[in-house]
Each structure stands twice: as structure tokens, then as C-alpha cells.
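**Q** predicted model, plus sequence, below.
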Amino acid sequence: MIRKQVALVADLSGTVVFAIEGAMAAVHAGLDLLGVLVLSFMVALGGGIVRDLLIGATPPSAIRDWRYPVLAFVTGLVAFVFHAQIESVPPFLLTTLDAAGLALFAVAGAEKALEFQIHPFIAMLMGAITGCGGGVVRDMLLSRVPMVLVANIYASAALLGAAVLVVGRRWGCPPVVAATLGGLVCFALRVAAVRFGWQLPKIV
Amino acid sequence: MIRKQVALVADLSGTVVFAIEGAMAAVHAGLDLLGVLVLSFMVALGGGIVRDLLIGATPPSAIRDWRYPVLAFVTGLVAFVFHAQIESVPPFLLTTLDAAGLALFAVAGAEKALEFQIHPFIAMLMGAITGCGGGVVRDMLLSRVPMVLVANIYASAALLGAAVLVVGRRWGCPPVVAATLGGLVCFALRVAAVRFGWQLPKIV
Amino acid sequence: MIRKQVALVADLSGTVVFAIEGAMAAVHAGLDLLGVLVLSFMVALGGGIVRDLLIGATPPSAIRDWRYPVLAFVTGLVAFVFHAQIESVPPFLLTTLDAAGLALFAVAGAEKALEFQIHPFIAMLMGAITGCGGGVVRDMLLSRVPMVLVANIYASAALLGAAVLVVGRRWGCPPVVAATLGGLVCFALRVAAVRFGWQLPKIV
């Protein structure tokens, strides 16, 4: 019971963080209010929608449960109005919140895929898609190459966190422990990668 | 019975209008005949396909019923051959037809979502996606930021029209009345927005 | 029994060819290792995933069967490491392999759609989507207009091959014969189009 509520709060917090990021990207790209709301929605919920379509959980939760889109839209509207204040938030705080959102979504996404009897290896991919999918959709809508494909450790952190959860479950860890460990690994790797400028190999 | 036929005629008319627009966008972007047919298909049917995937109505109608894609392709082919004639159609006529197509799709999309037991608030979003989704896919294929996110009152008109339908149904309006009202509101708002240059707020 | 194995080998070969192409496109676009793996996955499996979502075969095979994504990722990794060697493969060999992959996917895609009771005309489209979808997703991720919409005979070859299969089945050909004929037609048309520089009409 309490576990369910923790999961819900985590999910809603991730939604708020990602919706703010979507709104700010839209403001910077010169979109109008509607564009801001659409990007809030897509960044916050796009990854989960793609995951749900792929694992056959239709309609996706974001369509089945009106609280998710409403939360994304309200957050987007608030970010639109207070965008100047949000600009002045120190970058390391944004990075940290984003890493937390990524960790929450990666773990929740992998867990949901396992519930739907998806093979553990694919469940790990679904965790990464849940965490990164919204950002990919954002970049595709803004007509630029998805950042996650080009630079630094982002999807890799999501993959690793989801992998920790999947392997932990396989080894008989209690679900809460596996999820917490997976989330911490994803969060720590992402924050460290930003802090120390780690990059994946690339052919120049 | 007659209502079903009116709905079908409306749906097919919307398909033709949007397929012509897709074909002309493809011609202007320098695509070849195949690209023209693909864009006719996507603009005419892409919004409905996305809606059907999201509400779990699979396979989508455009895949289930061969008449929709055939109509889109034939329209695209005709538009390819007669593109010079279509260029000379006065812009206000194109805008009016487009607004009519938008209204028809927004209303039909919201109705279908309600039929599939989708929450009224989400059904309103599904109406807007049905009306605007094809254009978004078109712009993504042409590698540009979807017009609907940047400029003027387009998706907002679809949202409002769908909202009128949804609220009307909620209040016990007969379905035909709710649909007609919703369609008229969407159409009128869109035409007025073009006529008077209304815009949504935007941060410069 | 043997037929099933031939089909599986064909499918896996197509996956390898397309995964290599995805990896090379990613290397040329300056993506990092993760981007290379994602593009290998998307080019190899994206067309099939879109087809499966559209015909209602969820979860798509690429999500249901872990061997497909693993094969795509391993191929992508190998292509990343040996990209210099792959660069030196003569272009006509690449074109030929690509035409073979296109033929295999177009035929397999149309067959799967028929199995799912999709109308023959739509099954033909599904064959083309299976063959070309991955490349379209690649170009959208790389933020450029899908090549298949702009230039030369590619999707048309897939459409024709799938059409031959569908009509052959309709006329009572044994499935193997219809599939082989369809595949050969697609392959031959694609290779000839490259060799002789055939193009579809286009409005200049």
C-alpha cells in the first residue's frame, strides 16, 4: 500500500520535472503557448506512451488516466508564466533534478515491462525508452538530432539503472530493493558523467 | 442510418481535403511521385492512425478499411497531375476547406475516443490529435518544426471544437447537435483567426 | 519446417544488413556509440515494429523475441569497431545487399499482414513499410527528409514486390512461389534502378 503511494509520488514528481524541461525547450525554440503545452506533455509522457505501445499496454497510462496529462499541462502553463524565474535556477540543480527524473522513469519503465511478461533484456531497453523517449520526441519535434544520440552519458545511465533492477529481480532481491538500487545507480552515473564530463566513444 | 452516411461523407471529404494539402506540400518540397503519395496518405490519415493507436483501436481504421488509403492515394495522384491548377485556387478557399477538414476530424476524433470509453478530457485531446496529427507528421517528414506548434490558432480551434462536443454530450445534448456545434465552433474560430491574424501568446 | 527455417534465416540476414547500414549512417552523422546502437536497432527493426503496431500484432516481434534486438546491437557494435573496413566495401556490393534486405523485408512484411487478415491492398503497403520504415525512422532521427521520399526507385520496388506476392497468393500460387517471385521482382527492380539511374517523376 505504502509502496504504491511512494511509486505514484515518484512518478508524478518525474512528470513535473520533465514537463518543466519540455516547456523551457519550447520557450527557447520560440513556440507559442500551445507548443509549450504540447512539449510539456511529450517530454513528460512521451517515453511512457512509446513504452506502453511497444509492450502492448494500450491505451497507454497517460491516455487512460487523465491526471497525468492534466499535471503535465498545468506544469507547462506554470513554467510558461514563470519562465524567467526558472531561467535563474542554477544549472547543477536542473541537472540533478533531471537525473532524478531519469532514474525514476528508467526504473518504473523496466518494472512495468517485467509486469507485462516482457523478456528481462527487452525490459531493460523499455526502461531506457521510458527515461529518454520524451527527450527524443522533443528533439524530433524541434527538428534536431536527438541529443541523447550524440553526446554524453544519458541513455547509458538509464540502461544501466534498468539493468540493475532487472538483474536484481532475477537474483531474488525484493522489488523495492532492486528498484532503489537501480535508481541510485542511474542517478549517480548521470550526475557523475555531467560532473566529470564523461563521454561515450565516438568515431571522429 | 442517415446519420452514419452523413458521418461517412464528412470523413471522406476531410480525407480528400487533407490529402490534397499533403500532396501540395510534397510537391513544394521537391519530393517525387512516391513522396507525394506518402504525404497525401500521412496528412489525410496520420492523425486518425495516431489516435487509434493511442486509444487502442487497432488496427486503425485507415489500415482496416482499404477505402481510406485508396482515396488518399487517388487524391494525391490527381493533385500531382493537376498541381498547377491547384496552385491557382484562391488562398481563402484553401483556408476555408482546411478549416472544414479540421473541424470534421476534430469532432469525429473526439467522438470515436468517447466510444472507446476514453475519459472526456483525453477525448478532447484525441480530437485535436486527429485534426492536427497529420500535419505534424508531414512537418516531421519534411524535417521542419511542426507549424501547429509555432504559429496561430489551429490546434486550439480543434481543441475547443472537441471540447464543445465533449461538454455537449456530457450535458445530454443529442450527439448530432453536440457534433454540429463542436464542428461549427472549431471552423468559425479557425477562419476568424486567419482572417484577423489572431495568435496565441509567445515569449519572445 | 524447412520453410520456417529458410524464412528465419532470411529474416536474420536482412536484420544484419540493415543494422550495418544503420550503424554506418550513425558513424557518418557523428553519433556516439549509443547512437550507433540505436540506429542499428531502428534501421533493422523499425519497419517491422511500425508494421506490427499498425496491424495490431502487439507486442511487435522485435520486442517479443530478444534475439532480434540482440542481433541488431551486436551487429551495430561490430560495425562500429570495423567501420573503416566496411567503408572500403565496394558500393555495388552494398547496394546489392541492401536490395536483398529490402526484398526480404517487403515480402516477409506483406506475408505477416496477410496472416493477420489485413486486406491485400493494405498488406502490400505493410510490405513496403516493413522494407522502408527503418530508413525513414533513421532519416527522421538524423533530422533530414527521408531519402525514400525524394529520390529514385526504392519504396516502389518494395511495393511492387509485395504486390506480386499478394496477387500471386490471390491467384492460388503456393506461398513459397509467391514469396520468391515477389522478392525477385523487388530485388531486380531495385538493382536495375540503381544501375540505370531510374527515377520516379517529380515536379521541378
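**A** Sure, I can see it. Numbers count the residues shown, from 1 in each chain, chains lettered A, B, ... in the order given.

**Q** my read: A:Leu181 touches A:Arg169, true?
**A** No. The pair A:Leu181 / A:Arg169 is not scored as a contact, 10.4 Å apart, by Cβ atoms under 8 Å. All C-beta spots, glycine's among them, are computed from the backbone N, C-alpha and C.

**Q** these two: who's more crowded?
**A** A:Arg169 (20 against 17; other Cβ atoms under 10 Å in any protein chain shown).

**Q** can you pull the residues of chain A lying near chain B?
**A** A:26-27, A:29-35, A:38-39, A:49, A:53, A:58-60, A:63-66, A:69-70, A:80, A:83, A:140-143 (Cβ under 8 Å from any Cβ of the partner chain).

**Q** now the buried members of those.
**A** Buried by 16 or more other Cβ atoms under 10 Å in any protein chain shown: A:26-27, A:29, A:31-35, A:38-39, A:49, A:53, A:58-60, A:63-64, A:66, A:69, A:80, A:83, A:140-143, out of the residues of chain A next to chain B.

**Q** please list the residues of chain A that sit near chain C.
**A** With Cβ under 8 Å from any Cβ as the criterion, chain A meets chain C at residues A:53-56, A:58, A:116, A:118-119, A:121-122, A:125-126, A:136, A:140, A:143-146, A:148-152, A:155-156, A:199-204.

**Q** list the contacts for A:Ala103?
**A** Contact analysis of A:Ala103 by Cβ atoms under 8 Å, 6 or more residues apart in numbering or on different chains lists A:Gly131, A:Ala157, A:Ala158, A:Gly161, A:Gly182, A:Gly183, A:Leu184, A:Cys186, A:Phe187, A:Arg190.

**Q** now do A:Val177
**A** A:Gly168.

**Q** how much space separates it from chain C?
**A** A:Val177 sits 25 Å away from chain C, going by Cβ to the nearest Cβ, to the nearest Å.

**Q** that residue falls within a helix, correct?
**A** Yes. Membership of A:Val177 in a helix is supported by DSSP: H, G, I helix; E, B strand; the rest coil.

**Q** against A:Gly168, how distant is it?
**A** A:Val177 sits 7 Å away from A:Gly168, going by Cβ to Cβ, to the nearest Å.

**Q** looking at the helix or strand hosting A:Leu53 now, give me its mean pLDDT.
**A** Element membership for A:Leu53 (DSSP states H and E) is helix A:33-55. For helix A:33-55, the mean pLDDT works out to 96.

**Q** cool, stretch A:175-182 as well?
**A** 94.

**Q** is whichever residue of chain A sits closest to chain C in a helix, a strand, or coil?
**A** Of all residues in chain A, the one sitting closest to chain C is A:Leu149 (3.4 Å; Cβ to the nearest Cβ). Secondary structure, three-state DSSP: A:Leu149 is helix.

**Q** repeat that for A:Gly30.
**A** Per three-state DSSP, A:Gly30 ends up coil.

**Q** that one contacts B:Leu149, doesn't it?
**A** No. A:Gly30 is not in contact with B:Leu149 according to Cβ under 8 Å; the separation is 9.7 Å.

**Q** tell me who's in contact with A:Arg51.
**A** By Cβ under 8 Å, 6+ apart, the neighbours of A:Arg51 are A:Ala57, A:Pro60, A:Gly109, A:Lys112, A:Ala113, A:Met126, A:Ile129, A:Thr130, A:Gly133.

**Q** state the phi and psi torsions of the residue nearest the centre of chain A.
**A** Nearest to the geometric centre of chain A sits A:Gly131, at 3.1 Å (Cα atoms, centre = their mean). The phi and psi values for A:Gly131, taken as degrees, to the nearest 10, are phi -70, psi -40.

**Q** same question for A:Lys202.
**A** Per-residue torsions, A:Lys202: phi -150, psi 150 (degrees, to the nearest 10).

**Q** could you dump the contacts of A:Ala103 into a markdown table with secondary structure added?
**A** Output for those, formatted as a markdown table (three-state DSSP):
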| residue | secondary structure |
| --- | --- |
| A:Gly131 | helix |
| A:Ala157 | helix |
| A:Ala158 | helix |
| A:Gly161 | helix |
| A:Gly182 | helix |
| A:Gly183 | helix |
| A:Leu184 | helix |
| A:Cys186 | helix |
| A:Phe187 | helix |
| A:Arg190 | helix |
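
**Q** who are the contact partners of the closest residue to chain B within chain A?
**A** Here chain A gets closest to chain B at one residue, A:Gly35, 3.4 Å apart by Cβ to the nearest Cβ. Contacts of A:Gly35 were listed using Cβ under 8 Å, 6+ apart, and they are A:Ala26, A:Ala29, B:Val148, B:Leu149, B:Val150.

**Q** ok, it to C:Leu77 distance?
**A** Distance from A:Gly35 to C:Leu77, by Cβ to Cβ: 38 Å.

**Q** next one: A:Val50
**A** 24 Å.

**Q** do the same with A:Pro69
**A** Per Cβ to Cβ, A:Pro69 is found 38 Å from C:Leu77.

**Q** hang on, A:Lys202 packs against C:Gly30?
**A** Yes. The criterion here is Cβ under 8 Å, and A:Lys202 meets it with C:Gly30 at 6.9 Å.

**Q** mutual contacts of those two, please.
**A** Between them, A:Lys202 and C:Gly30 share no contacting residue, judged by Cβ under 8 Å, 6+ apart.

**Q** right, and the residue of chain A closest to chain C touches C:Ala25 too?
**A** No. With contacts counted by Cβ under 8 Å, A:Leu149 stays clear of C:Ala25, the gap being 11.2 Å.

**Q** what residues do those two have in common as contacts?
**A** C:Leu39.
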